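> predicted model follows, preceded by the sequence.
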Amino acid sequence: MTIPQHVTKAHATGNDFVVYADPTGEFEPTADEVRFLCDRHRGIGGDGLIRLAHPRAVSDLDEAQRAACETGGAVWFMDYRNADGSLAEMCGNGTRAITLFAMDRGLADSGEPFRLGTRAGVKTLDSLGDVEPYGRDVLHVDMGAWRIGELGAYEVAVAGASGSARGTFVDMGNPHVVAVTGVDVGSCAIGALADLPRADLLDSTLPDVDDLDLTVKPRVSPVLESDQNVEFVRIDAVNADAHEGKATMRVHERGCGETLSCGTGLCATAITLRALTGVDHWDITVRGGILRVDVTDANVALTGSATLVGDIALR
Ligand SMILES: N[C@@H](CCC[C@H](N)C(=O)O)C(=O)O
């Protein structure tokens, strides 16, 4: 085994992880070990596995990535693996879960900003305590720079549903395609999807977000070589004067399937909604809770809770 005997189960708004600290760098997991630990029937169960290690102990990093950690003041690195054993560049919810874990283990100071290395650069986290409506142990993450592709350049289809939606590519360090599938006409100044300024690019004939079957991987065309995470979004409310909006999102993640929450997916969602509506601040409901996303031209910030569930001694 290249995993330690003691691991911890954690989650951040229902996006769940097996986590452990590896200060000596001797526990880099194999893909088989990740699949075993994340297996919900034969293992502990998780959408992914996170090893907290020093950058020099993460074998896939190149010198430039290690140097970026040093320059950015990141002593610790989030080595993230999807449940299927694949590596991912970034995990927004994972940054909060592993930072809470680091604070709990005395590896990070909850009164100070924590700089965490990731394959998508150094992220800075601040602990906010309990904050309504986001929950307990809320952390704010500066997720850094983002990039959006042409609006509606992809077609997204879902198993068992007729119709399709237009999807927009967003690079959050990891790849996302965001499909806006509807507007709650009751609570929006916008009357319908068709009233959005770029409606011609977004016309959706998919059912409501709540009615989609995401047990099967959605089809995205043209195909992305990187594969992708896919978000399905309903706009629930827009207050253009206050620059605030509310939305509901569901996600099918690359490397594990539907999850209750996806931090990078929430950021990709808010970035796409901002491009459509001009609104910068979004409260987004996912199956695992409510999170806040604040977007500027330069960066995007994610705010949400994290939870340590328990410590497990492996046999
Ligand atoms: N759940 C994560 C994203 C995890 C990685 C993703 N599945 C990928 O392969 O890109 C998040 O909270 O961002």
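Cool, the structure landed.
> near the ligand at all, whichever helix or strand residue 100 is part of?
If you go by DSSP states H and E, residue 100 is part of helix 92-104. Yes. Counting by Cβ under 6 Å from any ligand atom, the ligand is contacted by helix 92-104 at 92, 93, 94. Quick note: C-beta positions are derived from backbone N, CA and C, even for glycine.
> which positions in stretch 63-70 come out as buried?
65, 66, 68, 69 (16 or more other Cβ atoms under 10 Å).
> go on, stretch 286-301?
286, 287, 288, 289, 290, 291, 292, 293, 294, 295, 300, 301.
> surely the fourth one meets residue 306?
No. Using Cβ atoms under 8 Å, residue 289 and residue 306 do not qualify as a contacting pair, with a distance of 10.6 Å.
> what subset of the residues of helix 92-104 next to the ligand is buried?
92, 93, 94.
> and the first one, how far from residue 293?
Think residue 92. 9 Å (Cβ to Cβ, to the nearest Å).
> common neighbours of the two, please.
Common contacts of residue 92 and residue 293 (Cβ atoms under 8 Å, 6 or more residues apart in numbering): 266, 267, 302.
> just send the buried residues of stretch 286-301 back as a markdown table, with distance to the ligand and secondary structure too.
Output for these, formatted as a markdown table (distance: Cβ to the nearest ligand atom, whole Å; DSSP: H, G, I helix; E, B strand; the rest coil):
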| residue | distance to the ligand | secondary structure |
| --- | --- | --- |
| 286 | 10 | strand |
| 287 | 13 | coil |
| 288 | 10 | coil |
| 289 | 12 | strand |
| 290 | 15 | strand |
| 291 | 10 | strand |
| 292 | 14 | strand |
| 293 | 12 | strand |
| 294 | 16 | strand |
| 295 | 16 | strand |
| 300 | 12 | strand |
| 301 | 14 | strand |
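> around the ligand, pick out the residues from this structure.
15, 48, 82, 88, 91-94, 174, 229, 253-256, 259, 262-264.
> among those residues, which ones are in strands?
15, 48, 82, 229, 253, 259 (DSSP state E).
> buried only: go through the residues you listed for me.
15, 48, 82, 229, 253, 259.
> strands of the stretch 1-150 of the chain, residue ranges please.
Applying DSSP state E, counting those that start in this stretch to the stretch 1-150 of the chain gives strands spanning 6-12, 15-22, 48-53, 76-82, 114-117, 123-131, 135-144, 147-148.
> next, format the ones you listed as CSV and append mean pLDDT and distance to residue 274.
Formatted as CSV, those follow (pLDDT from 0 to 100; distance: least, Cβ to Cβ, whole Å):
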stretch, mean pLDDT, distance to residue 274
strand 6-12, 98, 23
strand 15-22, 98, 23
strand 48-53, 98, 27
strand 76-82, 98, 26
strand 114-117, 98, 25
strand 123-131, 98, 20
strand 135-144, 98, 14
strand 147-148, 98, 9
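> tell me the domain ranges of the chain?
Domain assignment of the chain by the TED database yields the ranges 6-128, 147-298.
> which stretch in those has the least confidence?
Of all the domains of the chain, domain 147-298 carries the lowest average pLDDT, namely a mean of 92.
> how long is that one end to end?
End-to-end distance for domain 147-298: 10 Å, by Cα to Cα, to the nearest Å.
> likewise for stretch 158-178?
13 Å.
> and what of stretch 49-68?
23 Å.
> quick one: contacts of it?
By Cβ under 8 Å, 6+ apart, stretch 49-68 touches 10, 17-25, 27-29, 34, 37-38, 69-70, 74-81, 83, 87, 91, 94, 97-98, 101-102, 107, 117, 119, 121-122.
> hang on, the earlier thing: with respect to the ligand, which of the ones in strands among the residues of the chain next to the ligand is nearest?
residue 253 (3.8 Å; Cβ to the nearest ligand atom).
> correct me if wrong: that closest one contacts residue 265.
Yes. When contacts are counted by Cβ under 8 Å, residue 253 is listed as touching residue 265 (7.4 Å).
> identify the contacts common to those two.
Joint contacts of residue 253 and residue 265 (Cβ under 8 Å, 6+ apart) are residue 229.
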